[in-house]
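Visitor: Sequence plus the predicted model coming up.
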Amino acid sequence: MSHAGTRLTLLIRTGEALLLAVAVCFSLGAADASARMDSLGHRLMCTCGCAQLLGECDHVGCPSRGEEMAELATAIQNGENDQQILDAFAAKYGATVLAAPRTQGFDLVAWIAPFAVFTAALLGTILLVRRWSGVAGVQSRAVVTAQTNLSPEEQERVARIRRETGADGGF
């Protein structure tokens with residue numbers, strides 16, 4: 001192969017590499033915007049009242065989704081960051097447009113309250129079970145103590161009643 005042929009092949013390969021790099025850069029930029037749309041669409045609620053995430057609202061004839069998605073796309077194209085977009089939506093539609101409460105101020109209660117209620121319920125259940133088992137232990141000790149003070153005939157009668165009623169555990 002001649003020197004000119006190798007040079008032409010090198011030039012073609014360089015051009016191909018350059019075109020590939022440009023294509024990758026454009027696709028990354030497009031994917032980034034669509035990934036942000038998807039991410040933010042799942043962090044916002046649709047305001048039509050369907051109680052679905054904005055990105056997943058499948059409410060037929062939804063009056064809100066198209067407008068909100070257009071606002072979201074415009075904000076992304078204007079270069080606003082995610083927090084600015086979320087703040088703008090919350091300012092326009094109220095805090096209920098956010099799919100999850102914020103982790104600051106009074107909204108922090110929405111994150112803490114479920115765990116606190118669960119912990120209190122678990123602790124209450126544990127204490128209640130302990131109390132019930134303690135009362136049952138005291139009652140069984142009281143029955144044993146009362147039976148030891150009985151005459152042999154009365155003890156036999158109590159044992160027969162327990163056997164006949166199944167109170168001795170032998171059904």
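Guide: Cool, got the structure. Numbers count the residues shown, from 1 in each chain.
Visitor: Am I right that residue 118 sits in a strand?
Guide: No. Counting by DSSP: H, G, I helix; E, B strand; the rest coil, residue 118 falls outside a strand, being helix.
Visitor: mind listing what it touches?
Guide: The contact partners of residue 118, by C-beta atoms under 8 Å, 6 or more residues apart in numbering, come to none. The way it works is simple: take the backbone N, C-alpha and C, and place the C-beta from them, glycine included.
Visitor: what about the residue most central in space within the chain, which SS state?
Guide: Nearest to the geometric centre of the chain sits residue 100, at 9.3 Å (C-alpha atoms, centre = their mean). What three-state DSSP gives for residue 100 is coil.
Visitor: Once you drop chain neighbours, what's closest to it?
Guide: Spatially, and ignoring its direct neighbours in sequence, residue 100 is nearest to residue 43 (7.0 Å; C-beta to C-beta, 6 or more residues apart in numbering).
Visitor: Pull the contacting residues for the one you found.
Guide: Applying C-beta under 8 Å, 6+ apart, the residues contacting residue 43 are 82, 86, 98-100.
Visitor: Ramachandran angles for it?
Guide: Backbone torsions for residue 43, taken as degrees, to the nearest 10, come to phi -110, psi 0.
Visitor: Now do it against residue 150, distance only.
Guide: 73 Å (C-beta to C-beta, to the nearest Å).
Visitor: So which of the contacts of residue 43 is surrounded by the most neighbours?
Guide: For the contacts of residue 43, the largest number of neighbours (other C-beta atoms under 10 Å) sits with residue 86, at 19 neighbours.
Visitor: What are the contacting residues of the host helix or strand of it?
Guide: For residue 86, the host element (DSSP states H and E) is helix 82-93. Helix 82-93 has contacts (C-beta under 8 Å, 6+ apart) with 36, 39-40, 43-44, 47, 68, 71-72, 75-76, 80, 97-98.
Visitor: Would you reformat the residues you listed as TSV and include pLDDT and secondary structure?
Guide: Putting the contacts of helix 82-93 into TSV (pLDDT from 0 to 100; DSSP: H, G, I helix; E, B strand; the rest coil) gives the following:
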residue	pLDDT	secondary structure
36	89	helix
39	88	helix
40	90	helix
43	88	coil
44	89	strand
47	85	coil
68	89	helix
71	90	helix
72	90	helix
75	91	helix
76	91	helix
80	91	coil
97	86	helix
98	84	strand
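Visitor: Sweet, I'm off.
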